[in-house]
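Chemist: Here is a sequence together with a model predicted from it:
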Amino acid sequence: MDRLSTLPEPLLLIIISLLPFKEAIRTCVLSTRWRHLWRSTANIEFNEHFFANVDARREIQRQVFIDFAQQWIANYQEDNIDKFSLTFSHPRNSQIFVENCLKFSLARHVKHLGLDFSEPTWDLSDPGDNPHPVSFDLPSQVYSHHILESLTISSYNFVVSEFRNFRFLKHVSLAWVEFRASTVKALLVNCGLLESLNLKQCWNTNNVDVCGQDLKLTSLVVDRCMCSGYQRISIEASNLKYLRFAGFVAVFDVNTTGGLEEVDLDFGLASMCDEDSGYLLYDLLCEVYPSRALTVCSYTLQAITMGPEPIGMEPRLSVTNLTLKTAMHYNEQKGIKFFLTSCPLLETLTIDIRRGTIFLHEDEAPFHALNPFDVWIENPIVYSCIIRTLREVEIKGFKGTQNEFYLLAYLVLHGRVMQKLTVVTSREINNHGNPAVYRSVAEKLYALRRASQHLQITIL
Ligand SMILES: *[C@@H]1O[C@H](CO)[C@@H](O)[C@H](O)[C@H]1NC(C)=O
Ligand SMILES: *[C@@H]1O[C@H](CO)[C@@H](O)[C@H](O)[C@H]1NC(C)=O
C-alpha cells in the first residue's frame, strides 16, 4: 500500500476505477488520502442488493440506497465516467431517481451502461402467475448517446431500429424482455461492430437466428430463454468462438467457418430424456465441434450414450479443457466414460459437483446405470488421455460421497502425467455431512499410490 500511496492522484484514480465499485468504496479505509478518492472512480455501480443487509424493511432499505446514490451523484466532481450501472428492482415510484441516474451518466459520456430493473425472485422456467414480468421503456435519451460501447439492459423494452445510432456498440446483454427473431436480425444489421450478444431469460425466442455476412460476433450466450414448442438456434457467424446455451433441448443449426473454441451446453431445464435427445445432442456436438474447451451438464451425461455412438464421439474431439457438471450419480457414469473416451487430448478436467435432474424411471429414460466402484476401481479402463495428457484436475463442491471419491482415486492411481489435483470441498451442511467430514474423506487421497511422481494434491 505504501508504494501505491506515493503515486500521483490521477494514477490512483485509474487504479480505483479498475476495481469493482464495492472494492473501490473499501479503499476509503486505507488512509486519509484514499478516504475521498473512491468518490471519483470512473466505474460506478449502484446496486440496491448491496444494501439488502441493512437491517430494516425493504422500503427503508430502498430509501437508504436511493439516498446513498443521490448523495454520491451530488458530490461527483469528474467530467467523464467509463461504466455506470444501476440495479434497482421494479422502480415503481422512483422514476425521477432513475432519470437522474441516467442523466448523470449520459452527461458524463458513459461508454458502458447497465440498467437492471428485474427482480431476483423472477423465474421464467417456473412462470407461476407471472409469465411475462413488467418491462419499462428504455428512456429515449439513451438512443441518442452515440458513443456507447456496451449496453446491458434487463426488464426494459427497447426500439431496436434506434440501435442504428450506436455506431460503436460492441457488447449487448438483454434480459427479461421479449425477443423475437426479427429483433435479433435488426440488431445484427444495425450494430455492425457487435462482438458479443447475451440473451438471458428472454421470451418468445422460438427462433434465434444469428446469421449474417461478415459478422464480427465472437461470443453468443442464450441463457434460459423461453418459447412455446421447440426452440431453433441458427448460427452462421464466421468469427464466433464462444457459445453458451442453457435451457431446454433445442434444435441447433451451426455454421462457423473458423470453428468454435469454447462451448458450454446446459440442458438443465429439460424434463424428458430419450433416444431422440441422445441423437440430437450427438449431432449438436458434431456441429459445434468445440476445439478447446467444452462444458457439459448432467443431462448430457445421461442422454449422450443413447445416441448413435454409445462409446464416444467419432471422430474424437480436440477438446483440451473439459468441465463436467455432475452429481456423480450412477446414471451419469456411462456419460463420463463417454467424454473421457472422446477427448484423447484432454489436459484439464474440472468436475463441478451439483444437483441435476436425474431421470430414473423407465418411461423417462431407458438407462443402464453403472456401478462407479466397478467403473473406476474394480475394472477400470485407463483412457488414452489419462495416461498421456491429463495434467490438471479440479473438483468443486466435493461432498465426500463414495462415487466422487472413486473417480478421484482412479485419477490418482492411473493419471501418469498428472501434476495438480485440487479438491474444493463443499460449504454445504446436510444430514450426510459437513465441510469437516468432506475434508476427512478427501484426505484419504493422500494415502493412495500416485501414478505420477509430480502430482500435488491440494484440499481446500
Ligand atoms: C457455411 O457458411 C459458409 C460461409 O458463410 C458457406 O459458404 C457454406 O456453404 C456454409 N455451409 C453450410 C453447410 O451451410
Ligand atoms: C484450459 O485450462 C488451462 C489450465 O487450467 C488454462 O490455463 C487455459 O486457459 C484453459 N483454456 C481454455 C480454452 O479454457
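Modeler: Alright, I've got the coordinates. Ligands and ions are numbered 1, 2, ... in the order given.
Chemist: Give me the pLDDT for the closest residue to ligand 2 within the stretch 51-200 of the chain.
Modeler: Nearest residue of the stretch 51-200 of the chain to ligand 2: Ser196, at 16.5 Å (Cβ to the nearest ligand atom). Glycine gets a C-beta too; all of them are placed from N, C-alpha and C. Predicted confidence (pLDDT) for Ser196: 96.
Chemist: That one pairs with what?
Modeler: His171, Ser219 (DSSP bridges).
Chemist: any idea how far it lies from ligand 1?
Modeler: According to Cβ to the nearest ligand atom, to the nearest Å, Ser196 and ligand 1 sit 20 Å apart.
Chemist: now swap in Glu287 and tell me
Modeler: Distance, Glu287 to ligand 1, by Cβ to the nearest ligand atom: 10 Å.
Chemist: Can you show me the helices along the stretch 101-250 of the chain?
Modeler: Along the stretch 101-250 of the chain, counting by DSSP state H, counting those that start in this stretch, helices occupy 140-143, 181-190.
Chemist: do you know how far Ser219 is from Leu151?
Modeler: Separation of Ser219 from Leu151 (Cβ to Cβ, to the nearest Å): 15 Å.
Chemist: of the two, who's got more company?
Modeler: Neighbours per residue, other Cβ atoms under 10 Å: of Ser219 and Leu151, the larger number sits with Leu151, 23 against 18.
Chemist: Looking at the closest residue to ligand 2 within the stretch 351-460 of the chain now. What's its pLDDT?
Modeler: Here the stretch 351-460 of the chain gets closest to ligand 2 at one residue, Glu392, 5.4 Å apart by Cβ to the nearest ligand atom. Glu392 is assigned a pLDDT of 97 by the prediction.
Chemist: just Leu12 next, same as before
Modeler: 61.
Chemist: Could you do Glu364 as well?
Modeler: Glu364 carries a pLDDT value of 53.
Chemist: How about the residues of the stretch 251-400 of the chain by ligand 2?
Modeler: Residues of the stretch 251-400 of the chain lying close to ligand 2 (Cβ under 6 Å from any ligand atom) are Glu262, Arg292, Ala293, Asn321, Thr348, Glu392.
Chemist: Pipe the residues you listed into JSON lines and attach secondary structure and distance to ligand 1 per row.
Modeler: Below are those laid out as JSON lines (DSSP: H, G, I helix; E, B strand; the rest coil; distance: Cβ to the nearest ligand atom, whole Å):
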{"residue": "Glu262", "secondary structure": "strand", "distance to ligand 1": "20"}
{"residue": "Arg292", "secondary structure": "coil", "distance to ligand 1": "21"}
{"residue": "Ala293", "secondary structure": "strand", "distance to ligand 1": "23"}
{"residue": "Asn321", "secondary structure": "strand", "distance to ligand 1": "26"}
{"residue": "Thr348", "secondary structure": "strand", "distance to ligand 1": "30"}
{"residue": "Glu392", "secondary structure": "strand", "distance to ligand 1": "35"}
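Chemist: count of neighbours near Asn75?
Modeler: For Asn75, the neighbour count with other Cβ under 10 Å is 10.
Chemist: For His432, give me its contacts.
Modeler: Lys399, Thr401 (Cβ atoms under 8 Å, 6 or more residues apart in numbering).
Chemist: Check the gap between it and Asn371 for me.
Modeler: His432 sits 19 Å away from Asn371, going by Cβ to Cβ.
Chemist: Also Phe339?
Modeler: 19 Å.
Chemist: Equivalent analysis for Phe168, please.
Modeler: From Phe168 over to Asn371 the distance is 57 Å, taken as Cβ to Cβ.
Chemist: With Cys191 instead?
Modeler: Per Cβ to Cβ, Cys191 is found 53 Å from Asn371.
Chemist: what about those two, which has more around it?
Modeler: Per other Cβ under 10 Å, whichever of Cys191 and Asn371 has more neighbours is Cys191, with 24 against 14.
Chemist: That one: what's it in contact with?
Modeler: Cys191 is in contact with Phe163, Phe166, Leu169, Val172, counting by Cβ under 8 Å, 6+ apart.
Chemist: Could you tell me how many residues sit around the last one?
Modeler: With neighbours defined by other Cβ under 10 Å, the count for Val172 comes to 21.
Chemist: and it, what pLDDT?
Modeler: With respect to pLDDT, Val172 has a value of 92.
Chemist: ditto for the first one
Modeler: At Phe163, the pLDDT value in this model is 82.
Chemist: same thing with the third one?
Modeler: Model confidence at Leu169, expressed as pLDDT, equals 91.
Chemist: list the contacts for the residue nearest to Ala186 when sequence neighbours are not counted?
Modeler: In space, and not counting its chain neighbours, Ala186 is closest to Val160: 4.4 Å by Cβ to Cβ, 6 or more residues apart in numbering. Neighbouring residues of Val160 by Cβ under 8 Å, 6+ apart: Thr183, Ala186, Leu187, Asn190.
Chemist: one step back: verify the stated contact: the residue of the stretch 351-460 of the chain closest to ligand 2 with Gln419.
Modeler: Yes. The pair Glu392 and Gln419 qualifies as a contact (Cβ atoms under 8 Å) at a distance of 6.4 Å.
Chemist: Find the residue ranges of this protein scoring beneath the pLDDT cut-off.
Modeler: Within the chain, the ranges that satisfy pLDDT under 70 run 1-42, 53-56, 123-135, 361-368.
Chemist: Taking it, what residue is nearest to ligand 1?
Modeler: Asn255 (3.7 Å).
Chemist: got a list of what the spatially closest residue to that residue that is not a sequence neighbour touches?
Modeler: Leaving aside its sequence neighbours, Asn255 sits nearest to Glu236 (Cβ to Cβ, 6+ apart; 4.6 Å). Listed by Cβ under 8 Å, 6+ apart, the contact partners of Glu236 are Val210, Cys211, Gly212, Val254, Asn255, Thr256.
Chemist: Tell me how many other residues surround Ala451.
Modeler: Around Ala451 there are 17 other residues, counting by other Cβ under 10 Å.
Chemist: Who are the contact partners of the closest residue to it other than its chain neighbours?
Modeler: Excluding the flanking residues, the one nearest Ala451 by Cβ to Cβ, 6+ apart is Arg416, at 4.9 Å. Counting by Cβ under 8 Å, 6+ apart, Arg416 makes contact with Ile386, Ile387, Arg388, Ala451, Ser452.
Chemist: which of those residues count as buried?
Modeler: Using 16 or more other Cβ atoms under 10 Å as the burial test, these include Ile386, Ala451, Ser452 as buried.
Chemist: Need phi/psi at Cys385.
Modeler: Torsion angles at Cys385 (phi, psi; degrees, to the nearest 10) stand at phi -70, psi -30.
Chemist: before we move on, back to that, would you mind putting the buried ones among the contacts of Arg416 into JSON lines with secondary structure alongside?
Modeler: Formatted as JSON lines, those follow (DSSP: H, G, I helix; E, B strand; the rest coil):
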{"residue": "Ile386", "secondary structure": "helix"}
{"residue": "Ala451", "secondary structure": "coil"}
{"residue": "Ser452", "secondary structure": "coil"}
